[in-house]
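>>> One predicted model, sequence on top.
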Amino acid sequence: MRKKIIAGNWKLNKTVSEALAFAEALAPLVAGKDGVDIVICPPYTALYSVSQAFQGTGVATAAQGLFWKPSGAYTSYVSAPLILDAGAKYVLIGHSETRGRFGVAEEGLTPDLLKAFGETDSGVNVKTHAALQAGLIPIVCIGETLAERKDGSTDAIVRDQVTKALDGVSSDLVRSQLIFAYEPVWAIGTGEVCAADEAGRVCGVVRKTIESLYGADVANAVRIQYGGSMKPDNAAELLAQEHIDGGLIGGASLKPADFAAIVAAAAV
Ligand SMILES: O=C(CO)COP(=O)(O)O
């Protein structure tokens, strides 16, 4: 039985004081939910304070990304050792928004500006190695755009992203540390949720891909989250799917009661 994991990705939201108010409100709502791993991904600016605030509550924290070098002349970047030092246990890697793949047409994001997001499959791979080497648990995000879904390439895209992310990663680390999050880009922030059976099917494709690379034992141990407009009212159905082991939640993670309701749906 894989332990469910519910993670709230705040994206570019919450000041330090808003983040601390959230932590204070959430802790009692999820107290005693030991059967599920609970994670909050604040912006870097609030990572240390939120990690401190959740100490002893069972809620862990994640950074929303990392740079693969540990230190040096890399202005503006944040590394795995610094993320660990700030108190985080997990790190998101390859989120569609850092890959420059958006579900909703963002005003002002011209093709030229989109390149500034620029995370590539090889970047995802080196970051995965860097996170694992430092002892952070990577949550590697994958998923197809609407155009890719429409032209029937969903499974091929997902297989390709999983395979490239795992290049050179040992089976022991995949089995014991790595988490995938299947996030169809068209379902992110759009209110458009992927039907539960289809989300479960694609998470099954992720597992099969891991199996083809590492064998069934490793594939069956890896946790796979679904993300994309997961809310209190659809969480239970999504989480009941055989291959869905948790959720990566954006919008609904910004309110303690909504996030706690999703945790409760995973804890049953
Ligand atoms: O991108 C997501 C989580 O990483 C999902 O965002 P929403 O839940 O807002 O659709």
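Yes, it's here. Everything quoted here is computed from the prediction, not taken from an experiment.
>>> and the residue of the stretch 1-150 of the chain found nearest the ligand, what does it touch?
Residue nearest to the ligand within the stretch 1-150 of the chain: residue 9 (3.7 Å; C-beta to the nearest ligand atom). Backbone N, C-alpha and C define where each C-beta goes, glycine included. By C-beta atoms under 8 Å, 6 or more residues apart in numbering, residue 9 lies in contact with 41, 64, 92, 95, 227, 248-250, 253.
>>> Ok, residue 178 next?
Per C-beta under 8 Å, 6+ apart, neighbours of residue 178: 128, 132, 137-138, 140, 166, 169, 222.
>>> if you set the cut-off to 7 Å instead, what comes out?
138, 140, 222 (C-beta atoms under 7 Å, 6 or more residues apart in numbering).
>>> for the residues you listed, which one is nearest residue 118?
residue 140 (17.0 Å; C-beta to C-beta).
>>> The closest one contacts residue 165, correct?
Yes: in this structure, residue 140 is within contact of residue 165 by C-beta atoms under 7 Å, at 4.9 Å.
>>> so what sits against both of these two?
Contacts common to residue 140 and residue 165, judged by C-beta under 7 Å, 6+ apart, are 94, 124, 128.
>>> is the residue of the stretch 1-150 of the chain closest to the ligand in a bridge, and if so with what?
Taking DSSP bridges as the rule, residue 9 bridges to residue 41.
>>> Could you shift the numbering so residue one becomes 3, and keep it that way?
Yep, numbering from 3; the last one is residue 11 now.
>>> three-state assignment of the nearest residue to residue 90 once chain neighbours are set aside?
In space, and not counting its chain neighbours, residue 90 is closest to residue 63: 4.6 Å by C-beta to C-beta, 6 or more residues apart in numbering. What DSSP: H, G, I helix; E, B strand; the rest coil gives for residue 63 is strand.
>>> Wait, residue 63 touches residue 89, no?
Yes: Residue 63 sits in contact with residue 89 when judged by C-beta under 7 Å, with a separation of 6.1 Å.
>>> Name the residues contacting each of those two.
49, 53.
>>> Settle it for me: which of those two has more neighbours?
It is residue 63, of residue 63 and residue 89, that has more neighbours when counted by other C-beta atoms under 10 Å, with 27 against 17.
>>> picking up where we left off before, so of the shared contacts of residue 142 and residue 167, which ones are in helices?
Per DSSP state H, helices hold the following members of these: 126, 130.
>>> so can I have a markdown table of the shared contacts of residue 142 and residue 167 showing distance to residue 56, neighbour count and pLDDT?
As requested, the shared contacts of residue 142 and residue 167 are exported to a markdown table (distance: C-beta to C-beta, whole Å; neighbours: other C-beta atoms under 10 Å; pLDDT from 0 to 100):
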| residue | distance to residue 56 | neighbour count | pLDDT |
| --- | --- | --- | --- |
| 96 | 25 | 28 | 98 |
| 126 | 27 | 24 | 98 |
| 130 | 25 | 28 | 98 |
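>>> If we only consider the shared contacts of residue 142 and residue 167, which is nearest to residue 179?
Using C-beta to C-beta as the measure, the one of these that approaches residue 179 most closely is residue 130, at 9.7 Å.
>>> give the contact list for the closest residue to that closest one other than its chain neighbours.
Leaving aside its sequence neighbours, residue 130 sits nearest to residue 140 (C-beta to C-beta, 6+ apart; 5.0 Å). Shown in contact with residue 140 (C-beta under 7 Å, 6+ apart): 93, 95, 130, 133-134, 180-181.
>>> so does the one helix or strand residue 140 maps to get close to the ligand?
Using DSSP states H and E, residue 140 sits in strand 139-144. No: using C-beta under 6 Å from any ligand atom, strand 139-144 never reaches the ligand; the gap is at least 6.8 Å.
>>> Kindly provide the distance from the residue nearest to residue 130 to residue 171.
Computed as C-beta to C-beta, to the nearest Å, the residue 140 to residue 171 distance reads 9 Å.
>>> Can you report how many residues neighbour residue 122?
12.
>>> Nearest spatial neighbour of it, chain-adjacent residues omitted?
residue 101 (7.5 Å).
>>> Assess the claim that the one you found and residue 124 are in contact.
No: the criterion here is C-beta under 7 Å, and residue 101 misses it with residue 124 at 11.8 Å.
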